[in-house]
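Predicted structure and sequence below. I'll ask about it afterward.
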Amino acid sequence: MSTVFNFTFVPWFRSVAPYIHMHRGKTFVVGVVGEAIAAGKLQHIAQDLALIQSMGVKIVLVHGFRPQVNEQLRAKGHTPKYSHGMRITDEVALDCAQEAAGQLRYEIEAAFSMGLPNTPMAGSTVRVISGNFITARPVGIVDGVDFQHSGVVRKVDVAGIQRTLDAGSMVLLSPFGFSPTGEAFNLGMEEVATSVAIALQADKLMFVTEVPGIRIKSDQPESEDNPIDTELPLAAAEQLLASKPASLRPTDTGFYLQHCVKACKAGVARSHIIPFAVDGSLLLEIYVHDGIGTMVVDEKLEELREATADDVGGILQLIEPFEKDGTLVKRSRTEIERDADHYSIIEHDGVIFACAALYPYPEARTGEMAALTVSPQSQGQGDGEKILKRIEQRARAMGLASIFVLTTRTMHWFIKRGFVPADPDWLPEARKRKYNWDRRSQVLVKKLA
């Protein structure tokens with residue numbers, strides 16, 4: 001093993017370890033679109049899910065089958081029919097859906113059984129359990145359209161799924177439900193995954209989709225100036241949905257987003273939209289700081305918000321020890337009261353555990369992140385990263401191209417998170433005039449993608 005590999009592998013593995021600890025014992029519901037399987041991605045997705053499960057995560061896998069059903073319909077000389085963003089499932093479509101579901105379940109179970117040497121599945125034992133965990137009812141007639149055998153989720157067998165997960169098995173669900181009289185209904189993968197995540201109060205709902213996520217400018221195409229918004233607060237996601245027409249196609253901005261919002265509002269802490277086109281996207285989204293797709297997060301659960309004048313006392317109490325030991329520049333109560341709206345905070349049970357302030361310099365398209373502080377009681381739990389993400393979001397919303405910090409002791413923490421050193425002469429003129437040359441603070445800059 002080369003020395004170069006050692007020096008790259010060890011820091012990388014150490015950076016991943018906190019996420020492994022964080023997710024152990026958690027429950028993830030993963031919805032995989034049929035397009036991913038049609039594109040030949042099943043084997044890699046199965047390997048990644050097996051790896052995630054081996055690190056202590058409980059997984060419910062829901063597969064889609066839209067293209068597979070359509071292919072069978074066309075082979076029988078029938079045209080797929082949709083209305084209101086849902087399939088109209090007549091007798092022929094129901095037969096095709098049952099055939100496609102059976103074939104896909106066979107392929108998925110086979111993929112989890114391939115313990116070949118020199119592959120990520122080597123030595124793994126993944127027991128995949130399917131079952132009639134979903135009770136459904138018919139969609140019925142909507143606006144004069146009879147959806148026939150299309151259904152919606154009526155009830156989820158939470159106890160049955162939980163027992164299976166607790167026994168160490170992965171639960172595999174097809175987008176089918178059954179009525180108490182034994183009638184089968186074709187369901188939407190997205191609705192099944194969302195309903196199951198809500199019923200289980202899962203820690204994550206993840207859609208592995210044909211879209212890369214939600215772009216910062218959702219009405220504009222992919223470009224370097226329009227990257228994926230990696231973290232979308234629930235309120236912002238709701239606002240974005242409200243500004244869009246009803247999403248009827250999977251490529252519409254709101255198609256998966258509406259399900260993420262529904263899940264978050266019903267208690268699922270985080271929902272994700274990630275691309276199947278990127279190999280390892282599940283691993284990148286779960287175990288890498290910035291992820292690769294869009295995560296919708298209910299910030300109320302994190303109690304991450306902008307500060308008000310009522311928070312000044314708590315901010316002072318938090319930063320005072322760090323001012324005394326010289327980590328932070330001393331700020332007066334009057335200064336913090338004046339700048340309260342610049343601060344973002346994390347609050348637990350009425351106590352502020354983390355804060356940071358953003359001071360924009362619009363003329364230079366940059367902003368200073370100041371007074372980043374995390375209570376010793378919660379250090380190592382990711383609060384610093386959450387505050388940093390919020391400051392980045394606020395800076396992007398202001399149209400800033402970068403943020404910078406001045407620090408004497410914590411430069412390595414910032415460098416690990418994408419900041420790079422800069423000369424003090426780089427600072428905006430207004431900030432340069434206030435630079436304390438005696439303190440010799442290191443200037444670190446992060447470009448906002």
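Right, received. Where do you want to start? Computed from a prediction, not measured in an experiment: that's the story for all the values here. Numbering: from 1, shown residues only.

doesn't residue 329 fall inside a strand?
No: Residue 329: not assigned to a strand; according to DSSP: H, G, I helix; E, B strand; the rest coil it is coil.

what bits of the chain have low per-residue confidence?
Residues of the chain that meet the criterion pLDDT under 70 lie in 1-7, 115-123, 218-225, 247, 289, 299-302, 348-350, 438.

Now the residue nearest the centre of it: which helix or strand?
Relative to the mean C-alpha position of the chain, the nearest C-alpha, by Cα atoms, centre = their mean, is the one of residue 295, at 2.7 Å. Using DSSP states H and E, residue 295 sits within strand 294-297.

What pairs with that strand, parallel or antiparallel?
Strand partners for strand 294-297, identified by DSSP bridges, are recorded as strand 231-233 (parallel), strand 270-275 (antiparallel).

For these, could you give me a markdown table that also reports mean neighbour count?
Heads up, the C-betas are built off the backbone N, CA and C, glycines and all. As requested, these are exported to a markdown table (neighbours: other Cβ atoms under 10 Å):
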| stretch | mean neighbour count |
| --- | --- |
| strand 231-233 | 22 |
| strand 270-275 | 25 |
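
picking that back up, got a list of what the residue nearest to the centre of the chain touches?
230-232, 270-272, 285 (Cβ atoms under 8 Å, 6 or more residues apart in numbering).

how does the protein divide up, domain by domain?
The chain resolves into domains spanning 3-302, 304-447 when parsed by automatic domain parsing.

Make sure residue 315 is actually in contact with residue 335.
No: the pair formed by residue 315 and residue 335 falls short of the contact definition of Cβ atoms under 8 Å, at 10.8 Å.

Pick out whichever of these two has more residues nearby.
With neighbours defined as other Cβ atoms under 10 Å, residue 315 and residue 335 compare such that residue 315 has more, 23 against 11.

for the domains of the chain, which one ends up most surrounded?
Between the domains of the chain, domain 3-302 has the highest mean count of neighbours, a mean of 18, where neighbours are mean count of other Cβ atoms under 10 Å.

how near is the closest residue to residue 264 other than its chain neighbours to residue 359?
The shortest distance from residue 264 to any residue that is not its chain neighbour, by Cβ to Cβ, 6 or more residues apart in numbering, is 4.4 Å, and that residue is residue 298. Distance of residue 298 to residue 359, given as Cβ to Cβ, to the nearest Å: 28 Å.

which residues make contact with stretch 95-102 from outside it?
Applying Cβ under 8 Å, 6+ apart, the contact partners of stretch 95-102 are 34, 65, 68-69, 71-73, 76, 78, 89, 174-176, 184, 186.

Now intersect the residues you listed with the helices, please.
For the contacts of stretch 95-102, membership in helices holds for 34, 68-69, 71-73, with DSSP state H as the criterion.

Can you tell me which of those is nearest residue 367?
Using Cβ to Cβ, residue 34 comes nearest to residue 367 of the ones in helices among the contacts of stretch 95-102, at 43.8 Å.

longest single strand anywhere in this protein?
Among the elements of type strand in the chain, defined by DSSP state E, the one spanning the most residues is strand 351-361.

who does that strand pair up with?
Sheet pairing here is set by DSSP bridges, and for strand 351-361 it gives strand 343-348 (antiparallel), strand 366-374 (antiparallel).

give the contact list for residue 41.
If you count contacts by Cβ under 8 Å, 6+ apart, then residue 41 has residue 276 around it.

distance of it from residue 294?
Look at residue 41 and residue 294: by Cβ to Cβ, they are 19 Å apart.

same thing with residue 369?
With the distance defined as Cβ to Cβ, residue 369 ends up 23 Å from residue 294.

again, but for residue 183
Applying Cβ to Cβ to residue 183 and residue 294 gives a distance of 37 Å.

Now do the strands in the stretch 101-250 of the chain.
For the stretch 101-250 of the chain, applying DSSP state E, counting those that start in this stretch gives strands covering 128-130, 134-138, 141-142, 145-146, 151-156, 170-173, 176-178, 184-186, 204-209, 231-233.

Can you add distance to residue 261 and give the ones you listed back as CSV?
Below are the strands of the stretch 101-250 of the chain laid out as CSV (distance: least, Cβ to Cβ, whole Å):
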stretch, distance to residue 261
strand 128-130, 29
strand 134-138, 22
strand 141-142, 21
strand 145-146, 25
strand 151-156, 17
strand 170-173, 21
strand 176-178, 23
strand 184-186, 24
strand 204-209, 11
strand 231-233, 9
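
out of those strands, which comes closest to residue 28?
Between the strands of the stretch 101-250 of the chain, strand 204-209 lies closest to residue 28; by Cβ to Cβ that is 4.5 Å.

Listing partners with orientation, what would you give for that closest one?
Here strand 204-209 has these sheet partners by DSSP bridges: strand 27-32 (parallel), strand 270-275 (parallel).

Save the ones you listed as a markdown table, and put in distance to residue 95 too.
Shown next, in a markdown table, are those (distance: least, Cβ to Cβ, whole Å):
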| stretch | distance to residue 95 |
| --- | --- |
| strand 27-32 | 23 |
| strand 270-275 | 31 |
